[in-house]
Structures are given as structure tokens and as C-alpha cells.
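[1] Pasted the sequence and its predicted model underneath.
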Amino acid sequence: MEIKIYYQDTDCGGVVYYANYLTYFERARTEFLRELGADISELMERGIFFLVGRAEIDYISPARYGETVIVEVQAGKSTGASIELLYEIKEKASLRSIVKGKTLLVCVGKDMKPMRLPEEMRKIER
């Protein structure tokens, strides 16, 4: 997924504010899952929700105002009720690595108690 860096994404030095990378992870994760047949909206209608149980980010190089970045996502390990997703953000023109990270998504029901991953999510493999 491509994301254009706008002024609103940056700090006063024109560098992407560190917490915005989590937003970029979220956007890319939603599209990644949708493309693999796991539509978050449809799952929510069925009472299936995902909470981020853990997020890790390694900052490698700053992204700056005006650049376009590419967010790559792939599935990592999964258990009965959770799935790990791995991310790398690169600057589009040079492919310079900017950020690497991962999130652990925990599947929960309306009662916010862990539940087994739905079939759409169990078929996502690394």
C-alpha cells in the first residue's frame, strides 16, 4: 500500500511523527486482510473483533514531508486466538527502509473475551 506523507503527518522538522507509523500499519493491515478474504466490517457484524495485544516498531530512517512510502504486510505466527502481522515501510523512490514492526492481533467476541480466529483468518499463512 502506498501512503503520501502530508504536512499533518509530520513534526515541526518535517519528519513523520513516530506514532503515525501505527496508523500506517492499521491501514495496510486492513487492506491486507480484506484482499485475503477477511473483511473487518463483515467480521464485526458477526460479533468478531480484533484488539492489538502488542505492537513493536524499529525506527530505521526518517520519512519526510512530501515523500511517498510503501507499507508491506505479511502474516507471521498464529495461534488459536491470535495472529501476528509483520510490516516494513520503505520510501518509494529509493526503497530505503524506514520502519520495521509487528503487531499481535487478538480475536475477541462482543464480550471482549478471546475466541478462536474465524476461518478467513486461519487460512492466512506466512
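    Right, received. Where do you want to start?

[2] From now on I want contacts and neighbour counts done on CA atoms only, so please keep to that.
    Fine.

[3] residue ranges of the helices in this protein, please?
    With helices called from DSSP state H, the chain shows them at 20-35, 40-45, 119-122.

[4] Select, out of those helices, the one closest to Gly101.
    Gly101 lies closest to helix 20-35 among the helices of the chain, at 8.6 Å (CA to CA).

[5] How far off centre is the closest one?
    Distance of helix 20-35 from its chain centroid, counting by CA atoms, centre = their mean, to the nearest Å, is 4 Å.

[6] Look up which residues are beta-bridged to Glu88.
    Beta-bridge pairing of Glu88 under DSSP bridges involves Glu72, Lys100.

[7] quick revisit: for Ser97, which of the helices of the chain is the nearest?
    Nearest of the helices of the chain (CA to CA): helix 20-35, 13.0 Å.

[8] average model confidence for that closest one?
    Mean pLDDT, computed over helix 20-35, is 96.

[9] okay if I get the helices of the chain as JSON lines plus mean neighbour count and distance to Glu2?
    Listed next are these as JSON lines, based on neighbours: other CA atoms under 10 Å; distance: least, CA to CA, whole Å:
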{"stretch": "helix 20-35", "mean neighbour count": "16", "distance to Glu2": "9"}
{"stretch": "helix 40-45", "mean neighbour count": "13", "distance to Glu2": "20"}
{"stretch": "helix 119-122", "mean neighbour count": "15", "distance to Glu2": "24"}
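
[10] out of those, nearest to Thr79?
    Thr79 lies closest to helix 119-122 among the helices of the chain, at 8.8 Å (CA to CA).

[11] Which of the helices of the chain sits closest to Ser61?
    For Ser61, the closest of the helices of the chain is helix 20-35, at 12.3 Å, according to CA to CA.

[12] List the contacts of the closest one.
    Contacts to helix 20-35, defined as CA atoms under 8 Å, 6 or more residues apart in numbering, come from residues Met1, Ile3, Asp9, Asp39, Ile40, Val71, Glu72, Val73, Leu85, Tyr87, Val99.
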